[in-house]
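**Student:** based on what follows, work out the 3D shape:
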Amino acid sequence: MDEGRAYIETGILEQYVTGQLTARERYEVEAMAAKDPEVKQEITSIELTLEKYAMVAARNPREILKDEILHKILTKPLEAKSDKIMQKIEPAIIPLHDNVYEAKIRKLYIALAACVALLAITIIALLSTRGELGEAKNEIIALNLDKQKFATEASYLKENNTDLQEKNKIVSDPDWKTVKLAGTKMDPQANMIVYWHPAGRHVMVDNSKMQLPANDQDHQYQLWALVNGKPVDLGVFDVKADSTQILLKMKEIAGAQAFAVTLEKRGGNVGPTMDQMIVMGAVGI
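**Tutor:** A predicted model of the protein is given here:
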């Protein structure tokens with residue numbers, strides 16, 4: 001159903017022809033008639049129908065009616081003029097028809113739906129980007145951990161390789177003496193190796209060949225050199241199950257007849273605790 005036919009079926013045209021509308025409503029009807037030929041034709045049709053009906057039902061007016069009409073016209077001229085003036089200054093209002101209103105509402109709904117869809121897409125994109133950034137961050141952290149682990153392992157291998165090369169030089173150099181220390185009554189299964197360079201006064205402990213029980217936090221092992229029957233302190237060291245160091249450098253000594261190790265309080269002692277001696281070995285000629 002088009003706009004003109006819908007407007008006709010509202011019944012407003014009959015009210016227009018019979019003079020039941022306000023000035024504004026009459027203006028709306030006239031504007032619609034000027035725009036839609038079907039509405040204009042319908043107004044003409046209604047006027048003709050009413051005119052025919054009036055002709056059929058017409059009666060001669062009373063003689064006194066003429067005088068009454070003239071009296072009303074003469075006694076209320078200002079009221080009529082005022083009404084005409086109000087009609088002339090009635091603001092021009094273009095009617096907002098139902099179909100136009102519905103079309104605008106429909107456009108607003110479409111625009112709103114588009115905004116909601118765009119917002120949803122934006123949120124999904126942000127969440128996806130956030131998830132990807134989180135994954136990337138986790139990967140970077142994992143790579144950094146791997147890098148640190150690799151650096152630690154590389155450092156260990158380098159240090160280990162340096163110690164191995166140094167140990168090979170010591171073993172193959174006749175100027176170095178290899179002193180084997182065996183376990184005592186404190187631990188008969190204990191044993192270790194000390195490398196001593198008399199001319200250079202160097203003393204090294206072979207950590208890879210050490211068979212000593214791991215010490216606790218309150219104690220350390222202390223290496224002694226026996227020089228003319230007197231013990232000389234060569235420093236302390238720890239025995240750890242996870243130790244990777246091959247060679248432990250101790251204090252220097254020029255002459256010694258034997259080496260021994262005792263278990264002392266952490267930091268060492270000024271003299272050896274004899275009942276805590278765990279290994280001992282004489283220097284070969």
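**Student:** all helices of the protein, in order?
**Tutor:** Ranges of helices in the chain, per DSSP state H, are 3-8, 12-17, 23-35, 37-56, 63-75, 77-88, 98-172.
**Student:** tell me the buried residues in the fourth one?
**Tutor:** Using 16 or more other CB atoms under 10 Å as the test for burial, helix 37-56 gives V39, K40, E42, I43, I46. (Each C-beta comes from the backbone N, C-alpha and C, glycine too.)
**Student:** between those residues, which sits nearest T129?
**Tutor:** Lowest distance from T129 to the buried residues of helix 37-56 (CB to CB) belongs to V39, with 58.0 Å.
**Student:** which of the helices of the chain comes out lowest on mean pLDDT?
**Tutor:** The stretch with the lowest mean pLDDT among those is helix 77-88, at a mean of 48.
**Student:** quick one: average confidence on stretch 256-271?
**Tutor:** Here the average pLDDT along stretch 256-271 is 96.
**Student:** give me the contacts around that stretch.
**Tutor:** With CB atoms under 8 Å, 6 or more residues apart in numbering as the test, stretch 256-271 has contacts from 179, 181, 186, 192, 194, 196, 212, 215, 217-229, 231-236, 272-274, 276-283.
**Student:** buried among the residues you listed? Make that a ChimeraX selection.
**Tutor:** The ChimeraX selection below is limited to those of those classed as buried (16+ other CB under 10 Å):
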select :179,181,192,194,196,212,215,220,221,222,223,224,225,226,231,233,234,235,236,272,276,277,278,279,280,281,283
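**Student:** who touches G235 in this structure?
**Tutor:** Residues Q222, L223, M250, K251, G268 are the ones in contact with G235 under the rule CB under 8 Å, 6+ apart.
**Student:** dump these into JSON lines; add distance to A31 as well.
**Tutor:** Formatted as JSON lines, the contacts of G235 follow (distance: CB to CB, whole Å):
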{"residue": "Q222", "distance to A31": "115"}
{"residue": "L223", "distance to A31": "116"}
{"residue": "M250", "distance to A31": "113"}
{"residue": "K251", "distance to A31": "115"}
{"residue": "G268", "distance to A31": "113"}
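**Student:** which of those lies closest to V203?
**Tutor:** Using CB to CB, those come closest to V203 at M250, 4.3 Å.
**Student:** TSV for the buried residues of helix 37-56, including distance to L133?
**Tutor:** As requested, the buried residues of helix 37-56 are exported to TSV (distance: CB to CB, whole Å):
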residue	distance to L133
V39	64
K40	68
E42	68
I43	70
I46	73
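**Student:** grab the nearest non-local neighbour of L223.
**Tutor:** Closest residue to L223 apart from its sequence neighbours, by CB to CB, 6 or more residues apart in numbering: L234 at 4.2 Å.
**Student:** with A190 instead?
**Tutor:** G183 (3.7 Å).
**Student:** quick check, the one you found in contact with M210.
**Tutor:** No: counting by CB atoms under 8 Å, M210 is not a contact partner of G183; they are 11.8 Å apart.
**Student:** ok, now which ones touch the residue nearest to L223?
**Tutor:** V203, Q222, L223, W224, A225, M250, K251, I253, F259 are the contacts of L234 under CB under 8 Å, 6+ apart.
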